[in-house]
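# Let me see the structure of the following:
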Amino acid sequence: MELVLISGLSGSGKSVALNLLEDAGFYCVDNLPVVMLTVLVDMLREEKISKVAVGIDARSGGGIELLPERLQQLAKNGVRYRFLFLQAGEETLIKRYSESRRRHPLATQNRTLEEAIRHESALLMPLAELGQRIDTSELKANTLRDWVRQFIRGEPADGLTLLFQSFGFKHGLPLDADLVFDVRCLPNPFYDPALRPLTGRDAPVIAFLEAAPQVRRMREDIARFVGDWLPSYVRDNRSYLTVAIGCTGGQHRSVYLAETLCRQFTGQAPRVLVRHRGLA
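Residues are numbered from 1 along each chain as shown. Reported below is the predicted structural model:
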């Protein structure tokens, strides 16, 4: 069975992810009580259903704290799973609910929207470390769909997935980052009119950056830090390590370094990925 679990904050894009999985042929169950997870999996295995996606969040009622135990039980029973946790900043969630005019599932007569968001965050954030996190604050729906496709495309890997992610500081720090490197001190191709519309994937920008000794030194320093500490994260039984690299706009310097480091570390972890928030 290919089991994908989707959790996260209300308004962060769980419905987008589950709809994509359903379109990809997964048998989808949303708002499942945690205590029913192993029962559902056993039942569907008997029915020979091979692709299953389950949404678990604060609407599922009590017992959310039992999820790590249930996942361990699934693993002991030979079920391989992947866990995706979606989140977004408080201001983004408030804006989304205001625009959609939908009611937050934890909002009550005595609890405002802001209080409901904070309450749900307190309930669910301990689950964020169970798998891969995606901060959807600045993502368009199509970009989220692409990232979820990448998430389900490969086979579940034993060991750590290393993700290099570029971003722009002007859009704020990504909430899903484990390590953050600020590269705004490097020469900026933005100030060259010919390079401004290009990205860190384009040859002229790459040539510009590789000609600067500071860029080479920054790349080597980041690679050395990640390389030195990667074994410690592996020993800590981490499933994912997200290394975020930020420049001002997330278009040139951070993109170049994320791409370069991804190539450099390919083969040093079971799975190495690269993503660019500023190019969405």
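
# Give the other helices and strands that the longest helix belonging to the chain contacts.
Counting by DSSP state H, the longest helix found in the chain is helix 213-235. With contacts defined as 3 or more C-beta pairs under 8 Å, 6 or more residues apart in numbering; DSSP states H and E, the secondary structure elements packing on helix 213-235 are strand 179-182, strand 240-247, helix 253-265. Every C-beta, even on glycine, is put in place using the N, C-alpha and C of the backbone.

# Nearest to Ala211 among those would be which one?
For the helices and strands packed on helix 213-235, the distance to Ala211 is smallest for helix 253-265, at 12.0 Å, taking C-beta to C-beta.

# tell me which residues of the closest one are tucked away?
When burial is assessed from 16 or more other C-beta atoms under 10 Å, helix 253-265 yields the following buried residues: Arg253, Ser254, Val255, Tyr256, Leu257, Ala258, Glu259, Thr260, Leu261, Cys262, Gln264, Phe265.

# which residues does Pro105 contact?
With contact set as C-beta atoms under 8 Å, 6 or more residues apart in numbering, Pro105 has these partners: Ser10, Ala58, Arg59, Ala116, Glu120.

# hmm, which two among those are most spread apart?
In terms of C-beta to C-beta, those reach their longest pairwise distance at Arg59 and Ala116, which sit 11.8 Å apart.

# Who has more neighbours out of the two?
Using other C-beta atoms under 10 Å, the more surrounded residue of Arg59 and Ala116 is Ala116, with 20 against 14.

# which element is the more buried one on?
For Ala116, the element it lies in under DSSP states H and E is helix 113-124.

# which helices and strands does that helix pack with?
Applying 3+ C-beta pairs under 8 Å, 6+ apart, one finds that helix 113-124 makes contact with helix 90-100.

# Can you give me the neighbour number for the residue lying closest to Thr260 once chain neighbours are set aside?
Nearest residue to Thr260 in three dimensions, chain neighbours excluded: Arg219, at 6.0 Å (C-beta to C-beta, 6 or more residues apart in numbering). Applying other C-beta under 10 Å, we find 20 residues neighbouring Arg219.

# Many thanks, I have nothing further to ask.
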